[in-house]
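Participant: What follows is a predicted protein model with its sequence.
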Number of protein chains: 2
Amino acid sequence: MLTELYEQIYEKIKQSNPIIIHRHVRPDPDALGSQRGLAAIIRQQFPEKNVYTVGEEVASLSYMGTMDNVPTDLYEEALVIVVDTANRPRIDDKRYSKGSYLIKIDHHPNDDQYGDISLVNDQASSCSEIVSDLSFYLKDRFSMNDEAARLLYAGIVGDTGRFLYPATSAHTMRTAAQLMEYDFSASEIGQLMNTHSKKVAHLSGFVLQNVEINDLGVAHVILTQEVLEQFDAEDDDTAQVVPLPGTIEGVICWGVFVQQTHGGYRCRLRSKGPVINEVAKRHGGGGHPLASGANAKDMDEIKEIIKEFDEAIMEWNDA
Amino acid sequence: MLTELYEQIYEKIKQSNPIIIHRHVRPDPDALGSQRGLAAIIRQQFPEKNVYTVGEEVASLSYMGTMDNVPTDLYEEALVIVVDTANRPRIDDKRYSKGSYLIKIDHHPNDDQYGDISLVNDQASSCSEIVSDLSFYLKDRFSMNDEAARLLYAGIVGDTGRFLYPATSAHTMRTAAQLMEYDFSASEIGQLMNTHSKKVAHLSGFVLQNVEINDLGVAHVILTQEVLEQFDAEDDDTAQVVPLPGTIEGVICWGVFVQQTHGGYRCRLRSKGPVINEVAKRHGGGGHPLASGANAKDMDEIKEIIKEFDEAIMEWNDA
């Protein structure tokens, strides 16, 4: 039962000091929201504890706060909590394994069941929703506060595409409503997350003008190093253009293929229905059923992926 | 009190037959959602009643259902309900005045207080939220159903920019959550409302690549007849690209200037803060403080409008 896990996690947090919270590499708003939202709750509830959040900084998400520098010897006594990270290799800062106790909190399919306690709820829209559940279930023992509510709301908005993707449940909406009772502007967070830099706007324009769509509903766009240079964009900037092909009538599955400096392509794969993580797995990747990542060594492999998308759509149409 | 009005409206509906529901001209998803959502609730609750929805059809919103043809003599005995329409001149189908009793249900500021009963809640995000409130308050006497929930959810999504604009409250989110308990796919509705035709996608790409932004935060883009022809787009298609400049970092006020076949430019003007309807009024237009329309006879007048936007931003910065 989830509620038993909530109690176990609460007891462990209560007993522990210091507490170091990790999340996945290349963090998105849900990774940072659940990481720093959880930290904000613990800090207010247990002001005597030392709570740290670690990992690489992301300039474009600076509104979600900054990370802490943690000397390695602190890990010896530490409770380490890893949020939003399905697999150990994706944990940012490998020192997570040096702690005295490890808790996993996540919403991805539980492929790698690590941690002394593992709270995995793959029905949740986001890890921020799970951290909110934890606080709202424990109530006064683990109270929500304004700062945590803002961060967790941003996390939910990030992972649901602002309440768009199918994982957005009635419970997700109620959780967002509960968070909105705290003192922050949900609308400002929403606007901020709906705003892009000029270069991403220009790159978005390129994607919308150059995306190719086949008759089955597979869309793809190739972002070569030349294109990225033209827009002064980096691999990380491309994350923001990934949803765009899905906003075009008739598109069912799509891929944004980003050429890497060291050769090959990073493949960002999405679907509105057909399951595509099996396709991703066949090409050195994986992920959610409708949102995966993979790698292609050349254009031939990209064509293979598109062909496998065609097949996935045909199977889905038949089903 | 709103709840007293809910009871009065319920009693009037219970007593009346036929019932004809109107909304504003050029309907958006909230107008249609509140109109047809209300009809769906009445039809299920009172299967013996004749319930009609009237007004012009909108092909692009056909997923919200079609309108009914109502012979004028039916109005004599009819209860007429007008939803989502602040002012009588904006009511679609002027026969609304021929009914035996008139109810106004709206969320805009109550500038024109018409109707024998007038339920105006300008704290609501949308008229669909008010119709939902009515049903959820009256419970078994006026039950929500799957079809109504789908329509009302679409209406809320439409008027809130999918839970983005400041009028989105915690209550709005809870109402959406309650609607999502019914049997329809909120995600499908969201995706549908977030989808554009290929030509609008291409035009969006053009706007994002060609928008010019000055140091004060004024953005503008000119859509000449040549550009519209290039994308096989018409003046109406340009409505969908108007929000785009506002998604770019640093943009405060913006205009999308659409060259007309008869010469001159239709000016679609937007702002994130400075009041711009005064600018619009000086150029043959008007509208809301942050969303207006105007007309420019040539490029010189467009430059004037941009200069007036500069001034509006400077005043706003000083305030």
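Facilitator: Sure, I can see it.
Participant: Can you check my assumption that A:I105 lies in a strand?
Facilitator: Yes. Under DSSP: H, G, I helix; E, B strand; the rest coil, A:I105 sits within a strand.
Participant: and it, what does it touch?
Facilitator: Residues in contact with A:I105, defined by CB atoms under 8 Å, 6 or more residues apart in numbering or on different chains, are A:9, A:34, A:38, A:81-84, A:119-120, A:127, A:130-131, A:134. In this view, the C-beta of every residue, glycine as well, is placed from N, C-alpha and C.
Participant: Also A:A294?
Facilitator: Contact analysis of A:A294 by CB under 8 Å, 6+ apart lists A:267, A:269, A:279-286, A:305.
Participant: Can I take it that A:I21 is in a helix?
Facilitator: No. Counting by three-state DSSP, A:I21 is located in no helix; its state is strand.
Participant: pLDDT score assigned to it?
Facilitator: In this prediction, A:I21 carries a pLDDT score of 98.
Participant: List the contacts of it.
Facilitator: Per CB under 8 Å, 6+ apart, neighbours of A:I21: A:35-36, A:38-39, A:51-54, A:80-83.
Participant: can you do 6 Å?
Facilitator: A:35, A:38-39, A:53, A:81 (CB atoms under 6 Å, 6 or more residues apart in numbering or on different chains).
Participant: Including neighbour count, pLDDT and distance to A:D215, could the contacts of A:I105 go into a markdown table?
Facilitator: Shown next, in a markdown table, are these (neighbours: other CB atoms under 10 Å in any protein chain shown; pLDDT from 0 to 100; distance: CB to CB, whole Å):
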| residue | neighbour count | pLDDT | distance to A:D215 |
| --- | --- | --- | --- |
| A:I9 | 20 | 98 | 50 |
| A:S34 | 32 | 98 | 41 |
| A:L38 | 31 | 98 | 47 |
| A:I81 | 32 | 98 | 48 |
| A:V82 | 26 | 98 | 44 |
| A:V83 | 32 | 98 | 42 |
| A:D84 | 28 | 97 | 37 |
| A:L119 | 23 | 98 | 44 |
| A:V120 | 21 | 97 | 39 |
| A:C127 | 31 | 98 | 38 |
| A:I130 | 28 | 98 | 40 |
| A:V131 | 34 | 98 | 44 |
| A:L134 | 22 | 98 | 47 |
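Participant: Which of the residues you listed fall within strands?
Facilitator: Counted as lying in strands by DSSP state E, out of the contacts of A:I105, are A:81-83, A:119-120.
Participant: Now tabulate the residues you listed in CSV and tack on distance to B:H22.
Facilitator: Output for these, formatted as CSV (distance: CB to CB, whole Å):
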residue, distance to B:H22
A:I81, 56
A:V82, 56
A:V83, 51
A:L119, 52
A:V120, 51
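Participant: how about these in JSON lines, adding distance to chain B?
Facilitator: What follows is the ones in strands among the contacts of A:I105, written out as JSON lines (distance: CB to the nearest CB, whole Å):
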{"residue": "A:I81", "distance to chain B": "28"}
{"residue": "A:V82", "distance to chain B": "29"}
{"residue": "A:V83", "distance to chain B": "23"}
{"residue": "A:L119", "distance to chain B": "23"}
{"residue": "A:V120", "distance to chain B": "22"}
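Participant: Tell me where chain A has helices.
Facilitator: A:2-15, A:29-45, A:127-138, A:146-160, A:170-180, A:186-193, A:198-210, A:225-230, A:277-282, A:299-318 (DSSP state H).
Participant: Would you convert the ones you listed into CSV that also reports distance to chain B?
Facilitator: Below are those laid out as CSV (distance: least, CB to the nearest CB, whole Å):
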stretch, distance to chain B
helix A:2-15, 19
helix A:29-45, 15
helix A:127-138, 13
helix A:146-160, 9
helix A:170-180, 4
helix A:186-193, 4
helix A:198-210, 3
helix A:225-230, 11
helix A:277-282, 18
helix A:299-318, 15
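Participant: Among those, which comes closest to B:A291?
Facilitator: B:A291 sits nearest to helix A:186-193 of all these, at 14.9 Å, using CB to CB.
Participant: distance between that closest one and the chain's centre?
Facilitator: Helix A:186-193 has its C-alpha centroid displaced from the chain centroid by 18 Å (CA atoms, centre = their mean, to the nearest Å).
Participant: And for it, what's in contact with it?
Facilitator: In this structure, residues lying in contact with helix A:186-193 by CB under 6 Å, 6+ apart are A:153-154, A:157, A:180, B:164, B:166.
Participant: Mind doing that once more with 10 Å?
Facilitator: Under the criterion CB atoms under 10 Å, 6 or more residues apart in numbering or on different chains, residues A:29, A:33, A:61, A:63-64, A:149-151, A:153-154, A:157-158, A:161-163, A:176-177, A:179-180, A:185, B:160-170, B:173, B:246-247, B:249, B:272 lie in contact with helix A:186-193.
Participant: Please spell out the ChimeraX selection for the buried subset of those.
Facilitator: Burial among the contacts of helix A:186-193 is assessed by 16 or more other CB atoms under 10 Å in any protein chain shown; the matching ChimeraX selection reads:
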select /A:29,33,61,64,149,150,151,153,154,157,158,161,162,163,176,177,179,180 /B:160,161,162,163,164,167,168,169,170,173,246
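Participant: coming back round to it: among the contacts of A:I105, which one lies nearest to A:S204?
Facilitator: Distances from A:S204 to the contacts of A:I105, taken by CB to CB, are shortest for A:D84, at 25.8 Å.
Participant: Contact partners for the residue nearest to the closest one when sequence neighbours are not counted?
Facilitator: Closest residue to A:D84 apart from its sequence neighbours, by CB to CB, 6 or more residues apart in numbering or on different chains: A:C127 at 3.8 Å. Applying CB under 10 Å, 6+ apart to A:C127 gives the contacts A:23-24, A:30-31, A:33-35, A:37-38, A:83-85, A:105-108, A:119-121, A:152, A:155-156, A:159.
Participant: re the thing from before, name the member of the contacts of A:A294 with the most neighbours.
Facilitator: In terms of neighbour count, A:L269 stands highest of the contacts of A:A294 at 27 neighbours, by other CB atoms under 10 Å in any protein chain shown.
Participant: so that one touches A:V275, yeah?
Facilitator: No. Counting by CB atoms under 10 Å, A:L269 sits too far from A:V275 to count as a contact (11.1 Å).
Participant: ok so, going back, which of the helices of chain A sits closest to B:A312?
Facilitator: So among the helices of chain A, helix A:186-193 is nearest, using CB to CB, at 19.3 Å.
Participant: and that closest one, which residues are buried?
Facilitator: Neighbour-count burial for helix A:186-193 flags A:186-187, A:189-193 (criterion: 16+ other CB under 10 Å).
Participant: Include pLDDT when you put the residues you listed into CSV, please.
Facilitator: Formatted as CSV, the buried residues of helix A:186-193 follow (pLDDT from 0 to 100):
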residue, pLDDT
A:A186, 97
A:S187, 92
A:I189, 96
A:G190, 95
A:Q191, 90
A:L192, 91
A:M193, 93
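Participant: domain parsing for chain A?
Facilitator: Domain ranges of chain A: A:2-193, A:199-318, per automatic domain parsing.
Participant: Would you convert those domains into JSON lines that also reports distance to B:E311?
Facilitator: Shown next, in JSON lines, are the domains of chain A (distance: least, CB to CB, whole Å):
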{"stretch": "domain A:2-193", "distance to B:E311": "24"}
{"stretch": "domain A:199-318", "distance to B:E311": "25"}
